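Chemist: Fold the following.
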Amino acid sequence: MPAPLVECIPNFSEARRPEVVEAILESIRSVPGVRILDHHSDLDHNRTVVTYVGAPGAVEQAAFQAIRTASELINLEEHTGAHPRIGATDVVPFVPIAGVSMQECVEIALRLGKRVGEELHIPVYLYEEAATQPERQNLENIRKGQYEGLKDEIKSGPSRVPDFGPSRLGTAGATVIGARQPLIAFNVYLTTDQVPIAQKIAKAIRQSSGGMRFVKAMGILVNGRAQVSMNLTNFRQSPIARVVEMIRREAARYGVNIHHTELVGLTPQESLIDAAVWYLQLDQFEPGQVLETKLFDAQHVAPDTAPQNEPAFLDRLAEGSAAPGGGSASAYTGAEAASLAAMVARLTVGKKKYAEVETQMWALVEQADSLRAELTACVAEDTTAFEGLMAAMKLPKDTEEQFNFRAEAIQNATLEAIRVPQKVAHLALEVMMLCLLVCEKGNVNAISDGATGGALAMAAITGAGYNIRINCLGLEDRSIATICEDDLRKLEKEAADLQAEIHHTLVERGGFNPA
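Modeler: Take a look at the predicted model:
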């Protein structure tokens, strides 16, 4: 399984002040775990496009810092440029690259949008896969009227109310955040300075005017030449070569030709290979015929022969060593339960039938993911606590001083060995509550998954309880042991009630035959 990798391609409304561009780039570089692959500044557009990649959390944090920096240094009241824009940070798309689903990128967009709206007080609109309204899937619809038009419309137009943040524009404008498939920003320069010709060609080729699918285009003047500026949103369905040839034919109608083309930012290698295959008519071409591809493949070990640096948790559990043991297994089981709760919630959002609970389900996803992370951390914590107890028991006890020190160390280690499963039990109870909620309100087609999550959470509580009780026997202070045992009994009663409610929901909503 590849390490999770997300690409982010934020567009900033600045290119003419290098110091501002550098400050934005530095805000991205300052986040550990991200790598800037490319940045492109166009003076006529007065726009900078940055491409960077990294782990999901790092990419999200870098995006927030870049938006904050841009909002402090770019004033839309003073901005001019050929490219349409509504914000200092105009658009921030997230693209899944490896080990990450489109749904996870949508969640990144939602979290970032909420944070930008709440902390930076910038209006945020969600687009493409993250759009909350069908008409907001297309960026052009959101950017209609640009900053100047939106400044008035956002105050009174119901269709212009942002997804997050205030319904007013400051000097940083608004920001559009979303998730999408790989996009190619591609420009064609013509052998003329007549912008109307470029505009007519753009109208002929773009999808919204009846042209090619997955092509967005407009005609503008750049560096004294008419330019057809494009975004190709699916290069496999509308390949670059076909787009270029259509532009060439349309341009010929007006007595002009293509002067040169321009790639903005990065593009998948596949798109360029497709163009070469198309122009060279390599009908029998195979990707393995590319030398670099063959070399790259040869340098990577096949998954089934890759060395295992560390055994998986279940393998370590089965090894026969004292740790990890039942406490760690309980935490692991609780984390599985949280994963199932999140899974059902994610299967619920985005479906018209469950539109009224979508906000609740998104909040549940955040809770479940947080609980999963905490329970996963408890897997190692429990092993460490057990090892600490074993180490305390091995301390010397030959003298009275050593005996007393050892006795105190054992009691402290025992308390820690109780604390971790207590934490697991309480976290698992919270997971059970989420499982009940997804069973009651989530996608009914996944109700058995929610109930399975509840059963796993119950098992985590039971396993944690065994560890609490066995370690309580080692406490010399019986009052502390009594408090721990009373807390456990109360928790187990709540869990049993939740389990009964989940079972009842299965019968009533899922149509299960009562056992």
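
Chemist: how about the helix or strand containing residue 6 as CSV, C-alpha atoms only?
Modeler: Here residue 6 sits within strand 5-8, counting by DSSP states H and E. C-alpha atoms of strand 5-8 as CSV (Å, rounded to 0.1, in the frame of the first residue of the first chain):
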residue,chain,number,x,y,z
LEU,A,5,0.0,11.4,-1.1
VAL,A,6,-2.2,14.4,-2.0
GLU,A,7,-1.5,17.1,-4.6
CYS,A,8,-2.6,20.7,-4.0
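
Chemist: Give me the next element, helix or strand, following it.
Modeler: Downstream of strand 5-8, the first helix or strand assigned by DSSP H and E is strand 11-12.

Chemist: pLDDT averaged over that next one - what is it?
Modeler: In this model, strand 11-12 has an average pLDDT of 96.

Chemist: buried set for the helix or strand just after it?
Modeler: Sequence-wise, the next helix or strand downstream of strand 11-12 (DSSP H and E) is helix 18-29. Using 16 or more other Cβ atoms under 10 Å as the test for burial, helix 18-29 gives 20, 21, 23, 24, 25, 27, 28. Where you see a C-beta, it was placed from the backbone N, CA and C, and this is true even at glycine.

Chemist: got JSON lines for those residues, with pLDDT too?
Modeler: Converted to JSON lines, those look like this (pLDDT from 0 to 100):
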{"residue": "20", "pLDDT": "95"}
{"residue": "21", "pLDDT": "95"}
{"residue": "23", "pLDDT": "95"}
{"residue": "24", "pLDDT": "96"}
{"residue": "25", "pLDDT": "96"}
{"residue": "27", "pLDDT": "95"}
{"residue": "28", "pLDDT": "95"}
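
Chemist: picking that back up, quick one: strands adjacent to the strand holding residue 6?
Modeler: Note on strand 5-8: by DSSP bridges, its sheet partners are strand 47-54 (antiparallel), strand 89-98 (antiparallel).

Chemist: How about the last one, which residues are buried there?
Modeler: Of the residues in strand 89-98, those with enough neighbours to count as buried (16+ other Cβ under 10 Å) are 89, 90, 91, 92, 93, 94, 95, 96, 97.

Chemist: The helix or strand following that strand packs against which elements?
Modeler: Going down the chain from strand 89-98, the next helix or strand is helix 102-115, by DSSP H and E. The contact analysis (3 or more Cβ pairs under 8 Å, 6 or more residues apart in numbering; DSSP states H and E) places helix 102-115 against helix 56-73, strand 89-98, strand 124-128, strand 175-179, helix 358-393.

Chemist: switch to 6 Å and redo it
Modeler: helix 56-73, strand 89-98, strand 175-179 (3 or more Cβ pairs under 6 Å, 6 or more residues apart in numbering; DSSP states H and E).

Chemist: Which residue is the nearest non-sequential neighbour of residue 68?
Modeler: The shortest distance from residue 68 to any non-neighbouring residue, by Cβ to Cβ, 6 or more residues apart in numbering, is to residue 120 (5.9 Å).

Chemist: Can you name the residues bridging to residue 260?
Modeler: Following DSSP bridges, residue 260 is listed with bridge partners residue 189.

Chemist: What separation do you get for it and residue 191?
Modeler: 10 Å (Cβ to Cβ, to the nearest Å).

Chemist: burial count for residue 482?
Modeler: Using other Cβ atoms under 10 Å, residue 482 is surrounded by 12 other residues.

Chemist: what distance separates the strand holding residue 6 from the middle of the whole chain?
Modeler: Put simply, strand 5-8 sits 9 Å off its chain's centre (Cα atoms, centre = their mean, to the nearest Å).

Chemist: Kindly report the same for stretch 144-163.
Modeler: 27 Å.

Chemist: ok so, going back, for the buried residues of helix 18-29, which one is nearest residue 436?
Modeler: Nearest to residue 436 among those: residue 28, at 41.5 Å, using Cβ to Cβ.

Chemist: List the residues that contact the spatially closest residue to residue 59 that is not a sequence neighbour.
Modeler: Take residue 59 and drop its neighbours on the chain: the residue closest to it by Cβ to Cβ, 6+ apart is residue 6, 4.6 Å away. Going by Cβ atoms under 6 Å, 6 or more residues apart in numbering, residue 6 touches 56, 59, 94, 100.

Chemist: No more questions from me, cheers.
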